[in-house]
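>>> Let's see this in three dimensions:
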Amino acid sequence: MPSLHGLLVARGIFAATHFRALFLIAFLVIAGSAMAVPIELTVMTRNLYFGADTSGILGAPNAGAIPAAVKAAFAQAKANDFNLRVEGIADEIQHTQPQLIGLQEAVRINAVSTITGATTYSRDFVQILISELASRGLNYELAVTHTDFSSTLPSGNSFAMLEELVTLTDRDVILRRSDVTVTGTKSATFVNDVSLPFAGGTFIFNRGYVAVDAAVGGIPFRFVSTHLDELRTPLQALQLGEILAGNSDAQRLILVGDFNSAADGSGTPTYAKALSAGLGDVWTALGAGLGFTCCENASLNNPTPLLNSRIDYILHHGAILDPLAVELLGDTPFRSDAPLYASDHAGLVAIFAIDIAEPGILLLLGGAGMGWRCAARRRKPAVVAV
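Next comes the predicted model:
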């Protein structure tokens with residue numbers, strides 16, 4: 001039979017061992033939590049705006065009226081010169097430093113003299129923006145592009161008094177910050193496209209979407225940008241359906257763009273369809289205020305903002321992709337003279353956390369098979385201002 005002294009010594013040894021085991025568990029819990037540091041991902045969506053209202057062209061009463069309608073729209077685009085407006089867009093990007101940017105109406109405008117054949121005007125919005133960012137020490141590159149349409153029409157007082165042939169090429173584009181690695185890209189044209197008859201024939205909008213696969217902290221995600229049918233036909237919701245079907249393999253999806261579908265349901269059901277498909281709206285979760293993104297006066301000369309509809313979105317779906325913050329961009333004038341705004345739309349930027357949790361740790365602590373399971377808990381970061 002053991003002595004009292006022996007029992008006390010044995011109990012002391014057990015207590016010390018038990019204390020060391022609990023200390024080790026506490027250490028592993030703290031260390032595991034410290035290792036589960038979320039990595040931030042910042043994305044932006046921005047409609048750059050053609051610079052002109054083109055409804056006069058599409059609504060021309062006859063073919064003879066087209067040159068004058070083109071001339072009026074072209075004059076408005078030149079007054080809203082993107083060489084001036086780009087400073088506002090670049091300011092927003094410099095302020096928020098997004099890793100990925102979805103651009104809509106990222107157009108190229110060219111004009112050629114009908115007399116000499118010489119180029120009289122040329123603006124490539126994407127290259128102008130990339131160059132402006134580079135001049136500020138911000139390195140962004142074109143990741144993927146999709147051409148929605150390209151059309152060449154005569155400009156002048158009439159067909160008898162032509163001045164130029166104007167080509168407008170509309171594109172959806174994704175820019176990536178140069179430190180972001182893209183492992184794959186996709187450019188898709190919708191099957192459900194819109195054809196619109198006008199005095200010059202039939203205008204076909206070959207809309208679609210662009211996508212990139214990338215990773216943050218080794219966790220893959222897909223970033224998709226689109227510009228849905230602006231005529232708000234039933235085909236718009238079908239276009240969203242094509243996006244969802246074409247990206248159903250993405251474990252984590254961020255979908256941005258100009259949806260032309262009002263959040264209040266006053267227009268088309270497309271936005272509601274996105275929510276019913278399981279996509280979360282960052283602005284609904286974290287935004288302050290109404291979040292209107294459209295639209296300013298076509299001449300961008302209204303001192304008081306006219307935004308009265310929310311049609312631009314940053315939507316998301318997937319595990320460990322947590323929205324942290326969202327901000328509206330460009331909803332007030334950035335210049336004292338027209339063009340007062342960088343675009344007729346406001347933009348959006350959002351921050352996500354790719355939150356990587358450490359696996360649980362199982363420790364068995366002697367005696368009748370009893371054990372404790374210690375798991376590092378996911379640490380939810382505080383909301384940060386952009």
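
>>> any idea how far the closest residue in space to Leu240 that isn't next to it in sequence lies from Ala319?
With C-beta to C-beta, 6 or more residues apart in numbering as the criterion, Leu240 has its nearest non-adjacent residue at 5.2 Å, and that residue is Thr270. The way it works is simple: take the backbone N, C-alpha and C, and place the C-beta from them, glycine included. Thr270 sits 25 Å away from Ala319, going by C-beta to C-beta, to the nearest Å.

>>> Which one's more surrounded, these two?
Thr270 (22 against 9; other C-beta atoms under 10 Å).

>>> pretty sure the more buried one is touching Gln236, no?
Yes - in this structure, Thr270 is within contact of Gln236 by C-beta atoms under 8 Å, at 5.0 Å.

>>> which neighbours do the two share?
228, 259-261 (C-beta atoms under 8 Å, 6 or more residues apart in numbering).

>>> Could you export those residues to JSON lines, including columns for secondary structure, distance to Ala79 and neighbour count?
Shown next, in JSON lines, are the shared contacts of Thr270 and Gln236 (DSSP: H, G, I helix; E, B strand; the rest coil; distance: C-beta to C-beta, whole Å; neighbours: other C-beta atoms under 10 Å):
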{"residue": "Leu228", "secondary structure": "coil", "distance to Ala79": "28", "neighbour count": "28"}
{"residue": "Phe259", "secondary structure": "coil", "distance to Ala79": "28", "neighbour count": "27"}
{"residue": "Asn260", "secondary structure": "coil", "distance to Ala79": "25", "neighbour count": "21"}
{"residue": "Ser261", "secondary structure": "coil", "distance to Ala79": "30", "neighbour count": "25"}
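
>>> Could you export those as JSON lines, including distance to Gly201 and pLDDT?
Shown next, in JSON lines, are the shared contacts of Thr270 and Gln236 (distance: C-beta to C-beta, whole Å; pLDDT from 0 to 100):
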{"residue": "Leu228", "distance to Gly201": "24", "pLDDT": "97"}
{"residue": "Phe259", "distance to Gly201": "28", "pLDDT": "98"}
{"residue": "Asn260", "distance to Gly201": "24", "pLDDT": "97"}
{"residue": "Ser261", "distance to Gly201": "28", "pLDDT": "97"}
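
>>> Any chance of those in TSV with distance to Asn62 as columns?
Shown next, in TSV, are the shared contacts of Thr270 and Gln236 (distance: C-beta to C-beta, whole Å):
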residue	distance to Asn62
Leu228	30
Phe259	34
Asn260	28
Ser261	33
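
>>> What is the nearest of the residues you listed to Gly241?
Using C-beta to C-beta, Leu228 is the member of the shared contacts of Thr270 and Gln236 that lies nearest Gly241, at 10.9 Å.

>>> check contacts around the closest one.
Leu228 is in contact with 207, 236, 239-240, 257-261, 270, counting by C-beta under 8 Å, 6+ apart.

>>> Can I get these in TSV including distance to Thr116?
Formatted as TSV, the contacts of Leu228 follow (distance: C-beta to C-beta, whole Å):
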residue	distance to Thr116
Arg207	35
Gln236	42
Gln239	41
Leu240	46
Gly257	40
Asp258	37
Phe259	43
Asn260	39
Ser261	45
Thr270	46
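
>>> List just the nearest of the residues you listed to Ile354.
The shortest gap between Ile354 and any of those belongs to Gly257, at 21.5 Å (C-beta to C-beta).

>>> any idea how far that closest one is from Tyr271?
12 Å.

>>> Find the residues that touch each one of these two.
Joint contacts of Gly257 and Tyr271 (C-beta under 8 Å, 6+ apart) are Tyr313.

>>> mind listing what's buried in the longest strand seen in the chain?
Scanning the chain for the strand with the most residues, using DSSP state E, yields strand 140-158. Buried residues in strand 140-158, counted by 16 or more other C-beta atoms under 10 Å: 140, 142-146, 148, 153-156.

>>> now, which of those residues sits nearest Leu324?
For those, the nearest to Leu324 is Tyr140 (22.1 Å; C-beta to C-beta).

>>> Please report the distance of the nearest residue to that closest one once chain neighbours are set aside from Asp213.
Nearest non-adjacent residue to Tyr140, counting by C-beta to C-beta, 6+ apart: Leu175, 4.7 Å away. Distance, Leu175 to Asp213, using C-beta to C-beta: 16 Å.

>>> okay, those two: which has more neighbours?
More neighbours surround Leu175 than the other of Leu175 and Asp213, with 28 against 15 (other C-beta under 10 Å).

>>> Give me the number of neighbouring residues for Ala72.
For Ala72, the neighbour count with other C-beta under 10 Å is 16.

>>> Same question for Val224.
Other residues close to Val224 by other C-beta under 10 Å number 24.

>>> ok so, going back, ok now the helix or strand hosting the residue nearest to Tyr140, how far from the chain's centre?
According to DSSP states H and E, Leu175 maps onto strand 161-177. Relative to its chain's centre, strand 161-177 lies at 21 Å (C-alpha atoms, centre = their mean, to the nearest Å).

>>> on that earlier part again, nearest to Arg136, of the shared contacts of Thr270 and Gln236?
Using C-beta to C-beta, Phe259 comes nearest to Arg136 of those, at 30.2 Å.

>>> residues contacting the closest one?
By C-beta under 8 Å, 6+ apart, Phe259 lies in contact with 226, 228, 236, 240, 270-271, 274, 311-313.

>>> center of this structure - which residue?
In the chain, the centroid-proximal residue (C-alpha atoms, centre = their mean) is Thr45; its distance is 3.3 Å.
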